[in-house]
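K.L.:
Quick one: sequence plus predicted model below, questions after.
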Amino acid sequence: MSHDDQAQIGTEAKAAYWKENLKILSILLTIWFVVSYGCGILFVDALDTIKIGGFPLGFWFAQQGSIYTFVVLIFVYVWQMNKLDRKYDFHEED
């Protein structure tokens, strides 16, 4: 295999890697938006009919739920990116 062929494969792998990376980011940011904006603002009246610990669920999402969701999404992103790095054999140099 020539150097140009290897470079082409590397370029295709990088493009596929970034395409999957953007897909993961899009999904996670959509979840974050729905939870923080949707549950905390748009759907607050419907969620307020449900109580958690004596507080309306809409209030809980606006104050705590979106933060907890964001922290969970950080861990999911790290897990997904490690999986993606292994799939494409991309790793950090020491």
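P.N.:
Everything's here; your move.
K.L.:
Check the gap between the residue nearest the centre of the chain and A15 for me.
P.N.:
For the chain, L28 is the residue whose C-alpha lies nearest the centre (Cα atoms, centre = their mean; 2.6 Å). Taking Cβ to Cβ, to the nearest Å as the measure, L28 and A15 are separated by 21 Å. (C-beta placed from N, C-alpha, C; glycine too.)
K.L.:
again with T49
P.N.:
47 Å.
K.L.:
where do the strands sit along this protein?
P.N.:
51-52, 55-56 (DSSP state E).
K.L.:
any idea which of the ones you listed is most buried?
P.N.:
strand 55-56 (a mean of 14; mean count of other Cβ atoms under 10 Å).
K.L.:
Please work out which residues outside that one touch it.
P.N.:
For strand 55-56, the surrounding residues in contact (Cβ atoms under 8 Å, 6 or more residues apart in numbering) are L47, D48, T49, I50.
K.L.:
Also stretch 26-39?
P.N.:
Taking Cβ under 8 Å, 6+ apart as the rule, stretch 26-39 contacts L47, G58, F61, A62, G65, S66, T69, F70, L73, V76, Y77.
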